[in-house]
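*Asks:* quick one: sequence and predicted model below, then my questions.
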Amino acid sequence: MPLNWDDEMERRSFLKIMAAGATVVAVNPSLIRGNLYAEDGQLYRAYEKAQIVDASGTPIKASALEKEVTYIFNYPYASTPCMLINLAEPAQKEVELKSEMGETYIWKNGAGKDRTIVAYVAICAHQLTHPTPHDSFIQYVPKSKPTMAYTKSGIIVCSSHLSAYDAGAGAKVLSGAAQQPLAAVVLNVAEDDTIWAVGILGPDKFQDYFKAFKPEFKEFYGGPAEAKKLVSISAKTVKLTEFSKEIIQY
């Protein structure tokens, strides 16, 4: 999406700040919209800040998230599904990842006081498999459940072609046909324990997704234009078992 005049002015201001010191880049990646390659290798795109809420619009508290349950919310667009997971143990820190084009970036860590809360765009990096109201072939597999995709569970699995992603390490690829990690949703947990989505880290598949699923957008969202609307203010969140009628997991 091309930058408008205001975005261009923000970009120029940002470049001046970046020249003054890399610390500002790492702390304030949301100063500009568009892809940023900071000196620490971070690839980031800021979107509208949206609060994670339940189906009734009530803010969801980080401490209320069930462990190892796949929650679904749409962000940064009305039709792009994301998964929210409260892991069984703290996520890794400072994970270096690489896109299929060879771009290197850093996934910082999990959110919340225990660093167990993570969120990823639920569009498989292989062939764009994603949850729909009809079914889902992609989900987080709890540590206690087996999967054919990898030697251990506690990971994200796309059962379409058994791509496996490490949920606690920036969704890096563990096995399967996927050539890059899932894009990560950057979360902020506020002092009042509310959760906010603020941007996307890593390379996404949004444009490929928009080109591939126009009939689906008409069925579920009223058409492509509505599907591409940016989410703002809040993002309604439900368990995957409530979002999709059928869940397929191998």
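*Replies:* Received, thanks.
*Asks:* list the buried residues of the longest strand anywhere in the chain.
*Replies:* The single longest strand within the chain, with elements called by DSSP state E, is strand 43-53. The neighbour-count check on strand 43-53 (16 or more other CB atoms under 10 Å) flags L43, Y44, R45, A46, Y47, A50, Q51, I52, V53 as buried. The way it works is simple: take the backbone N, C-alpha and C, and place the C-beta from them, glycine included.
*Asks:* who does it touch, helix- and strand-wise?
*Replies:* In terms of contacts (3 or more CB pairs under 8 Å, 6 or more residues apart in numbering; DSSP states H and E), strand 43-53 is packed against strand 36-37, strand 195-201, strand 233-239.
*Asks:* next helix or strand past that strand?
*Replies:* Later in the chain than strand 43-53, the nearest helix or strand by DSSP states H and E is strand 71-74.
*Asks:* what's the angle from the longest strand of the chain to strand 233-239?
*Replies:* With axes from the mean of the first three to the mean of the last three CA atoms, to 10 degrees applied, the angle from strand 43-53 to strand 233-239 works out at 70 degrees.
*Asks:* please name the residues that touch L84.
*Replies:* Contact partners of L84, counting by CB atoms under 8 Å, 6 or more residues apart in numbering, are I52, L65, T70, Y71, I72, F73, I117, V118, A119, V185, I195, T237.
*Asks:* any idea what the last one is bridged to?
*Replies:* Partner residues in beta bridges with T237, using DSSP bridges, are F73.
*Asks:* figure out which of the helices and strands packed on strand 43-53 is closest to E216.
*Replies:* strand 233-239 (18.6 Å; CB to CB).
*Asks:* keeping just the C-alphas, turn that closest one into PDB.
*Replies:* C-alpha atoms of strand 233-239 as PDB (Å, rounded to 0.1, in the frame of the first residue of the first chain):
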ATOM      1  CA  ILE A 233     -10.300   0.200  18.100                       C
ATOM      2  CA  SER A 234     -11.000  -3.500  18.900                       C
ATOM      3  CA  ALA A 235     -10.700  -7.000  17.500                       C
ATOM      4  CA  LYS A 236     -13.300  -9.600  18.600                       C
ATOM      5  CA  THR A 237     -11.800 -12.800  19.700                       C
ATOM      6  CA  VAL A 238     -13.200 -16.300  20.100                       C
ATOM      7  CA  LYS A 239     -11.800 -19.800  20.600                       C
END
